[in-house]
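Q: The following comprises the amino acid sequence and a computationally predicted model.
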Amino acid sequence: MDNTWSIIHSFQSFLQEGWQKSNFSSPTEIQEKAVPLVLEGKDIIAQSPTGTGKTLAYLLPILNNIDAGKKEAQALILASSRELVMQILEEVRIWTEGSGIERTALIGGANVKRQLDKLKKKPQVIVGTPGRIVELINMRKLKVHEVKAVVFDEGDQLFSKEHLKSVDQIIKSTLKDRQILVFSATLTKETEELATARMTNPEVIKAQVDQKLPDSLEHIYILCEERDKITTLRKLLNIGKVQVLTFTNDINELSAMATKLEYEGVAVGALHRDTTKQERETAIQRFRDGKTKLLLATDVASRGLDIKGLTHVAQLEVPKDEEQYIHRAGRTGRAGAQGSVVSIITEQELKKLLRLGEKLGIELIKKRLYKGQLS
């Protein structure tokens with residue numbers, strides 16, 4: 001810790017000022033482990049749970065190495081969702097204040113002409129989705145030959161079949177001696193192998209934190225038949241002043257569910273990888289404004305999603321592991337507020353949910369919906 005602390009105090013002045021303004025008392029475990037290695041120029045595969053300061057673990061040392069006087073792209077940060085790209089870009093904005101470093105976001109579904117205009121300003125930091133980055137490289141509008149570091153944020157998503165072809169093209173477009181950094185909340189053996197094959201002697205670092213869920217959260221399950229899950233979800237919306245973010249793993253299922261609920265007169269928003277930027281922004285804004293009480297989402301689409309005052313998270317199947325449960329549950333009950341995680345499951349799924357609850361050390365309470373109340 002002392003070493004990382006002294007490194008932070010040796011950063012460029014704009015970063016030191018940013019650190020003082022942030023009121024952080026000390027680096028987190030992932031920052032302690034990653035920052036010195038990033039500064040050394042090493043390739044890194046890093047795993048650290050959500051909410052442990054992963055973004056700053058790579059962003060601070062990268063920004064420290066940017067030459068603000070050189071008007072070329074020097075750092076490329078990739079993320080799988082538009083929401084996460086914009087979240088990272090906001091961090092870049094905050095931490096580059098007063099530095100002269102320019103940044104821009106390049107995301108699919110957005111206006112290409114507007115993005116080309118932004119590239120004319122020669123930003124040093126590019127944050128984007130793989131598809132759009134590749135498109136602009138192919139158009140010869142984005143030059144990456146001066147890029148010193150390529151970051152894959154949420155590497156478990158980016159090294160999936162969906163993005164791998166784009167990822168390879170981006171890596172091949174940069175110099176051979178550039179640095180590759182892969183950061184993820186979850187790290188499967190397959191992701192680690194795919195990443196390692198594209199890197200030079202990477203250091204693998206893992207940070208562990210107490211993943212205890214806040215006491216302000218209530219964990220409930222409702223048993224019903226598979227065919228009755230949507231009806232049960234609709235009834236959940238009638239228990240009072242609620243806002244429900246609902247997770248399901250399958251995009252086709254999510255779309256069918258949205259169609260059925262709308263047919264039944266329920267105002268609903270949907271977030272998944274095929275949602276356009278405009279559709280996404282409209283759905284989130286309507287939900288935030290209380291115009292819709294229900295937002296359907298896949299896990300990938302919900303990354304970085306922060307809805308103030310969200311009362312309920314619902315899930316229509318048992319999460320695949322503790323990490324997924326924590327990610328979903330973490331959308332509600334923030335900053336000590338009350339929140340409920342409601343699992344709408346079948347009798348056959350119950351054993352798996354209870355086993356998950358044991359691993360997480362949470363009490364799962366069986367309830368039913370009766371006369372507009374959960375009891």
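A: On my side now, so go ahead.
Q: Run a quick neighbour tally on the nearest residue to Arg82 once chain neighbours are set aside.
A: Closest residue to Arg82 apart from its sequence neighbours, by Cβ to Cβ, 6 or more residues apart in numbering: Ile107 at 4.8 Å. Where you see a C-beta, it was placed from the backbone N, CA and C, and this is true even at glycine. Neighbourhood size, Ile107 [other Cβ atoms under 10 Å]: 21.
Q: Quick check on Ile107: phi, psi?
A: phi -130, psi 150 (degrees, to the nearest 10).
Q: mind checking how far it is from His163?
A: 14 Å (Cβ to Cβ, to the nearest Å).
Q: Pretty sure Leu136 sits against Leu119.
A: Yes - between Leu136 and Leu119 there is a contact at 7.4 Å, judged by Cβ atoms under 8 Å.
Q: can you tell me which helix or strand Arg114 belongs to?
A: helix 112-119 (DSSP states H and E).
Q: And that helix, what does it pack against?
A: Judged by 3 or more Cβ pairs under 8 Å, 6 or more residues apart in numbering; DSSP states H and E, helix 112-119 is in contact with strand 103-106, helix 130-138.
Q: can you map out the helices along the stretch 201-350 of the chain?
A: Taking DSSP state H, counting those that start in this stretch as the criterion, the stretch 201-350 of the chain carries its helices at 229-236, 251-263, 277-288, 322-329, 350-360.
Q: between the ones you listed, which gets nearest to Ser6?
A: Across the helices of the stretch 201-350 of the chain, Ser6 has its closest neighbour in helix 322-329 (32.8 Å, Cβ to Cβ).
Q: and the angle for that closest one with helix 350-360?
A: If you take axes from the mean of the first three to the mean of the last three Cα atoms, to 10 degrees, helix 322-329 sits at 90 degrees to helix 350-360.
Q: Worst mean pLDDT among the helices of the stretch 201-350 of the chain?
A: Lowest mean pLDDT within the helices of the stretch 201-350 of the chain: helix 322-329, a mean of 82.
Q: With only the CA atoms kept, save that helix in PDB.
A: The C-alpha trace of helix 322-329 is given here as PDB (Å, rounded to 0.1, in the frame of the first residue of the first chain):
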ATOM      1  CA  GLU A 322     -22.900 -15.300  -6.700                       C
ATOM      2  CA  GLU A 323     -21.300 -12.600  -8.900                       C
ATOM      3  CA  GLN A 324     -24.400 -12.300 -11.100                       C
ATOM      4  CA  TYR A 325     -26.700 -12.100  -8.000                       C
ATOM      5  CA  ILE A 326     -24.500  -9.400  -6.500                       C
ATOM      6  CA  HIS A 327     -24.400  -7.400  -9.700                       C
ATOM      7  CA  ARG A 328     -28.200  -7.500 -10.000                       C
ATOM      8  CA  ALA A 329     -28.900  -6.900  -6.300                       C
END
